[in-house]
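Asks: fold the following and give me the result.
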Amino acid sequence: MRYFAMVAAGAALWGFWPLFLRPAGLSGVQNALLAMATMALPAPFLLRREALRDHRATRALVIMGVADAINVALVFAAVKRGPVAIALLTHYLAPLLVALTAPWVIGERRSLRALLGAPLTSLGLAMLIWKPGEDFSGWTAALGGASALFFAVTVFCAKEAARAWSPLGVTSVHAAVAALTLLLLFGRSALPPLEVPVLWVLAGGALSGLVGNILFNRGLRGISTAATGALTYLEPLTATVLGWIFFREALGPWGLFGGALVLAVGVWVATEPRTLDSPLPSISGTP
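Replies: Purely as a prediction, here's the structure:
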């Protein structure tokens, strides 16, 4: 239950991002760069020879950083194109992808609850964030779905990197790689102006980024990847509730029911009994 609580708390802290990003008024890529830069601050102090000698774990950490940068770029592009509901719903196909592919990618036991729960959670998420009358956009769905693919890659790579790197190391070193990747992809447009709102985003980077990811990556060591995927739905659930409280966003009876469904299914999947506590598998499927 300790690892379950850590992953849940980390995912919930990700949902606090709108409280920091909306008042700042920066572009999505600028927000992403600031968040990654904040998370990367401890990285120079975490480059241990012992961890670097594990080439497979270190390679996974680098891939995780590149994938996370592309994930952020795609999901922000989807949100910008809109509708937002389509962008988020397709982005959160990631837990389903994780549940379906975990047995082949990292050799985990197939989770029946995750396979049954993923479509139910997607339904609950749709009830939570869908706004009647919004149009469907194929390009938005494609961008959101592509971001889900890279989001799933970060989950698998974090699991692999944790073999040799501490939760803080996984968080900070991958963020440094992601920040560099964003600069290479977007150049000067990723650089934010040196104004007061930057400090507010940096505060979000410390809480939702650094603390949230450390908790998530620490808990990731002790629960299955399928359960982890289910718990990531706490991010949009938390963000929606905070939007209702602080930004007066509509949340009707269907939204409340959808939120309850997301939470209930997440707990059900995450608490599935494990037949045996096997050593952490590698991405290649070998010990």
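
Asks: next SSE after the helix or strand of the chain with the lowest mean pLDDT?
Replies: Per-element confidence for the chain was summarised using mean pLDDT, DSSP states H and E. The lowest value among helices and strands belongs to helix 84-91, with a mean of 78. Downstream of helix 84-91, the first helix or strand assigned by DSSP states H and E is helix 94-105.

Asks: what residues of whatever helix or strand comes next after that following helix count as buried?
Replies: Beyond helix 94-105 in the direction of the C-terminus, DSSP H and E gives the next helix or strand as helix 112-129. Within helix 112-129, the residues that qualify as buried are 113-114, 117-118, 120-122, 124-125, 127-129, counting by 16 or more other CB atoms under 10 Å. C-betas here are computed from N, CA, C, even on glycine.

Asks: helix 112-129 to helix 94-105, inter-axis angle?
Replies: 160 degrees (axes from the mean of the first three to the mean of the last three CA atoms, to 10 degrees).

Asks: residue contacts, residue 26?
Replies: Residue 26 is in contact with 34, 192, 197-198, 201, counting by CB atoms under 8 Å, 6 or more residues apart in numbering.

Asks: for it, which three-state class applies?
Replies: Under the three-state scheme (DSSP: H, G, I helix; E, B strand; the rest coil), residue 26 adopts coil.

Asks: now residue 131
Replies: Put simply, residue 131 is coil when judged by three-state DSSP.

Asks: which residues are in contact with residue 169?
Replies: Under the criterion of CB under 8 Å, 6+ apart, the neighbours of residue 169 are 46, 48, 51, 61, 161.

Asks: typed the wrong thing, it's residue 12
Replies: Residues 212, 234-235, 238 are the ones in contact with residue 12 under the rule CB under 8 Å, 6+ apart.

Asks: shouldn't residue 255 be in contact with residue 240?
Replies: Yes. Applying CB atoms under 8 Å as the test, residue 255 and residue 240 come out as touching, 7.2 Å apart.

Asks: more neighbours: these two, which one.
Replies: Taking other CB atoms under 10 Å, residue 255 and residue 240 do not tie; residue 240 has more neighbours (23 against 20).

Asks: what helix or strand is the more buried one on?
Replies: Taking DSSP H and E as the definition, residue 240 sits inside helix 234-246.

Asks: mind listing residues that contact that helix?
Replies: Residues outside helix 234-246 that contact it (CB under 8 Å, 6+ apart) are 8, 11-19, 88, 92, 125, 128-129, 249-251, 255, 259, 262-263, 266.

Asks: in this structure, which helix is the longest?
Replies: The helix of greatest length in the chain, counted in residues with DSSP state H as the criterion, is given as helix 55-81.

Asks: low-confidence regions, the stretch 51-200 of the chain specifically.
Replies: The stretch 51-200 of the chain contains residues with pLDDT under 70 at 82, 84, 132-136.

Asks: report how many residues lie close to residue 194.
Replies: Neighbourhood size, residue 194 [other CB under 10 Å]: 6.

Asks: helix/strand/coil for it?
Replies: Three-state secondary structure (criterion: three-state DSSP) places residue 194 in coil.

Asks: ok, it to residue 21 distance?
Replies: As defined by CB to CB, to the nearest Å, residue 194 lies at a distance of 18 Å from residue 21.

Asks: which neighbours do residue 255 and residue 240 have in common?
Replies: In contact with both residue 255 and residue 240: 128-129, using CB under 8 Å, 6+ apart.
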